[in-house]
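Participant: Next come a sequence and a model predicted from it.
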Amino acid sequence: MDNIQNRVKALHDLLNQYGYEYYVQDNPSVPDSEYDKLLRELIDIEEAHPELKSPDSPTVRVGGEVQSSFEKVNHDTPMLSLGNAFNEQELRRFDQRIREQVGKVEYMCELKIDGLAVSLKYVDGRFVQGLTRGDGTTGEDITENLRTIHAIPLKINEPLSFEVRGEAYMPRSSFIRLNEEKEKNDEQPFANPRNAAAGSLRQLDPKLAAKRKLSVFLYSVNDFTDFKATTQSGALDELDRLGFKTNHERARVDDIEGVLAYIEKWTNQREQLPYDIDGIVIKVNDIEQQDEMGYTQKSPRWAIAYKFPAEEVVTTLQDIELSIGRTGVVTPTAILNPVRVAGTTVSRASLHNEDLIRERDIRIGDSVVVKKAGDIIPEVVRSITERRPEGTLPYSMPTHCPSCGHELVRIEGEVALRCINPKCQAQLVEGLIHFVSRQAMNIDGLGTKIIQQLYHHEVIKDVADIFYLTEDDLLPLERMGSKKVDNLLKAIDDAKANSLEHLLFGLGIRHLGVKASQVLAEKYETMDRLLEVTEEELVSIHDIGDKLAQSVVTYLENEDIKALIEKLKNKDVNMVYNGIKTSDIEGHPDFKDKTIVLTGKLQQLTRKEASAWLELQGAKVTSSVTKNTDLVIAGEDAGSKLTKAEKFGTEIWTEEQFVAKQNEISS
Ligand code: IVH
């Protein structure tokens, strides 16, 4: 037995050494077949003598037992994110702020690996736990999947206890191979290596994760007390020495000019890397200086992520499609020749409104430049007029609603064209979709497709009809099984208990947003009291303006609406405020209890919508920037508020970042 134990030890050492050379140093000293042979020998021994199999045996790389779920675990210290810079000016401001605060600094420039952040815990030199970032406070325990990544040492040579953080990623070669395989099996390919890496680490079967050929670059040590380093570069060298994989394209530079040169180099060379990067991370090198600068709520003040400009591609505009929203607004959408941009195939992009099409003189048939705002929302940037085919005409919006044929009007002071026919089918369907949406009645499973079918089969004509649906109405629909029907009917039944503000918002009363619905429900408590309220009373409430007051009263006075409310009551739809006070709103941790200022021109949503959404997340939206401001969201042409925020070192987001965060939270 002693002999076998010795052999097991020798096999561990050899396999760890070969694995390290291959996966960390990228410089194998033996052919793959030699590694495989030794691994096979170890597997055989462990099968014959299970007591000799240890948790850090190289055989665990093939993946262990299937798990039922991932446990949620709190991080010892929050996993923060980084502030962003999109251009040289923003980087220079970052540098200036730092020099004002701590004097001259040296910077570490690192590639910003496009994967997902992971935290790895070592106790007495053994890898014991690996977590995802999660919401920054709580992550998921994906230890078993991480053990399959060869670049992560299961054991290091010194009995140290510490946490390292880094980025798990899928090399481009693994990504291409994986997608080829998926396509061969008629499966949906992954959009990009980052999604593929995230999907792989969320596999409950570690054997599947093991097949995905992921890797990792470690970039930080959570607590420096056990580490001999006093600088970021020293910490990375120390990680190298301990056998971790770090990224060797890093560079220490003397000043911001060095940073800019590094950025330029990698902007030109990023395509040659065997993995994706989405920017450059710049960190103050000296740990003491880092500590002096400290952190905002969300990110270190001593580091910033420079993001590469959004990828722009050229394609053809095949058509402009018009859709009618719930309030009758006509929105033009660009129908594009499908093209890959920033990792996904794009075939549609919003054109927002008629003015935008005219200003940019975008014509059907044009070659157009497309990008993704905030790397998420596809957008037509401009037409390439030099390539314009002959015979195209400037685009003009129709004069009549494409759905109901009613004349379209342009309301004074608004850019949008509107169909004002209250019986317009397209609007009614959109109204139904709005009624079941998350912030309204939140009926899960009642998607656009189902609503369209139910409306066109005349099963539902108004929102109340939803509560009259039966199994017989739903079963004949496309792709509807009895299980799905049961779930849907249960979701509809559950929605009846919603607090009054959900119903109010869901009714789609003009100008009545989420916040004002909350205010009205909290104040009047029942629908019956609201039905009696006068315009004068409403305008006296803080937050309720003339237009809204008039709109609410006119709406509720309407006999058809009164009948609709009765119809809802007959099905026991709750008409009472259920008492959750604004102060009890759960909100999202990124926004809850934060003081936030909106400034500059926002493009994708109005200030009002942005504030309402932020308040719903538990934030306080104020108008001036002070030392207590936690976050400034800056649109175009932001002026003195932005300057002030920079002076205070307040965290600043662009509108794109904000919209991306909204999407992330609501997805
Ligand atoms: S340092 C306090 N260095 O970029 C956060 N992050 O928001 C310190 N990332 O998801 C992060 N490469 O996982 C750092 N060389 C690098 C990085 C890097 C990629 C990711 C990180 C996080 C995001 C920053």
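Facilitator: Arrived safely. Residues are numbered from 1 along each chain as shown.

Participant: residue in the stretch 501-650 of the chain nearest to the ligand?
Facilitator: Across the stretch 501-650 of the chain, no residue is closer to the ligand than D590, which sits at 12.5 Å (CB to the nearest ligand atom). For glycine as for every other residue, the C-beta is placed from the backbone atoms N, C-alpha and C.

Participant: tally of neighbours for whichever residue of the stretch 551-667 of the chain sits closest to the ligand?
Facilitator: Ranked by CB to the nearest ligand atom, the top residue of the stretch 551-667 of the chain for proximity to the ligand is Q657, at 11.0 Å. Q657 has 18 neighbours, counted by other CB atoms under 10 Å.

Participant: which element is it on?
Facilitator: helix 655-666 (DSSP states H and E).

Participant: Can you point out the buried residues in that helix?
Facilitator: Neighbour-count burial for helix 655-666 flags 655-662 (criterion: 16 or more other CB atoms under 10 Å).

Participant: cool, stretch 434-447 as well?
Facilitator: Neighbour-count burial for stretch 434-447, counted by 16+ other CB under 10 Å, picks out 434-437, 439-441, 443, 446.

Participant: near the ligand, which residues of this structure?
Facilitator: 80-82, 110, 112-113, 117, 167, 219-220, 281, 299-300, 305 (CB under 6 Å from any ligand atom).

Participant: Now with 8 Å, please.
Facilitator: 79-82, 110-117, 133, 165-167, 217, 219-220, 247, 250, 277, 279, 281, 283, 299-300, 303, 305 (CB under 8 Å from any ligand atom).

Participant: Mark which of those are buried, thanks.
Facilitator: Among those, the ones that count as buried by 16+ other CB under 10 Å are 79-80, 82, 110-117, 133, 165-167, 217, 219-220, 247, 250, 277, 279, 281, 283, 299-300, 303, 305.

Participant: From those residues, which land in strands?
Facilitator: The strands, defined by DSSP state E, take in 110-113, 116-117, 165-167, 217, 219-220, 277, 279, 281, 283, 303, 305 from those.

Participant: Considering the buried residues of stretch 434-447, which is situated nearest to the ligand?
Facilitator: Relative to the ligand, the closest of the buried residues of stretch 434-447 is Q439; by CB to the nearest ligand atom it sits at 28.0 Å.

Participant: State whether the closest one is indeed within a helix.
Facilitator: No: using DSSP: H, G, I helix; E, B strand; the rest coil, the assignment for Q439 is coil, not a helix.

Participant: Wait, it touches L503, no?
Facilitator: No: with contacts counted by CB atoms under 8 Å, Q439 stays clear of L503, the gap being 11.8 Å.

Participant: re the thing from before, in terms of secondary structure, what does the helix holding Q657 contact?
Facilitator: Here helix 655-666 touches strand 631-634, going by 3 or more CB pairs under 8 Å, 6 or more residues apart in numbering; DSSP states H and E.

Participant: what's downstream of the strand it packs on, the next helix or strand?
Facilitator: Proceeding N to C from strand 631-634, the next assigned helix or strand is helix 640-648, under DSSP H and E.

Participant: residues of that following helix that come out buried?
Facilitator: By neighbour count on 16+ other CB under 10 Å, the buried set for helix 640-648 is 641-642, 644-646.

Participant: Roughly how far does the residue nearest to D141 when sequence neighbours are not counted sit from P206?
Facilitator: Closest residue in space to D141, ignoring its immediate chain neighbours: E71 at 4.4 Å, by CB to CB, 6 or more residues apart in numbering. From E71 over to P206 the distance is 14 Å, taken as CB to CB, to the nearest Å.

Participant: Which one of these two is surrounded by more residues?
Facilitator: P206 (24 against 12).

Participant: you'd agree the more buried one is up against I142?
Facilitator: No: the criterion here is CB under 8 Å, and P206 misses it with I142 at 9.1 Å.

Participant: Relative to I362, how far out is R410?
Facilitator: Counting by CB to CB, the separation of R410 from I362 is 19 Å.

Participant: The two: which has the busier surroundings?
Facilitator: Set R410 next to I362 and count neighbours by other CB under 10 Å: I362 wins out with 21 against 13.

Participant: Hmm, that one is touching V380, no?
Facilitator: Yes: look at I362 against V380 with CB under 8 Å: they come within range, at 6.2 Å.

Participant: Common neighbours of these two, please.
Facilitator: Common contacts of I362 and V380 (CB atoms under 8 Å, 6 or more residues apart in numbering): 317, 334, 351, 368.

Participant: is it true that the second one lies in a helix?
Facilitator: No: under three-state DSSP, A334 sits outside any helix and is assigned strand.

Participant: residues touching A491, list them.
Facilitator: 443-446.

Participant: On the three-state scheme, it is what?
Facilitator: Following three-state DSSP, we place A491 in the helix state.

Participant: now it: how far from the ligand?
Facilitator: Computed as CB to the nearest ligand atom, to the nearest Å, the A491 to the ligand distance reads 34 Å.

Participant: How much space separates that residue from N442?
Facilitator: To N442, A491 is 8 Å away according to CB to CB.

Participant: cool, E271 as well?
Facilitator: Here E271 is placed at a distance of 44 Å from N442 (CB to CB).

Participant: Now do the buried residues in the strand or helix carrying G258.
Facilitator: For G258, the host element (DSSP H and E) is helix 256-269. If you call a residue buried by 16+ other CB under 10 Å, then helix 256-269 has these buried ones: 256, 258-260, 262-263, 266.

Participant: before we move on, what about stretch 456-465?
Facilitator: Neighbour-count burial for stretch 456-465 flags 459-460, 462-465 (criterion: 16+ other CB under 10 Å).

Participant: quick one on the thing from earlier: please identify which of the buried residues of helix 256-269 is nearest to D240.
Facilitator: Ranked by distance to D240 (CB to CB), the buried residues of helix 256-269 are led by Y262 at 19.6 Å.

Participant: Quick check: the closest one touching C109?
Facilitator: Yes: counting by CB under 8 Å, C109 is a contact partner of Y262 at 4.2 Å.
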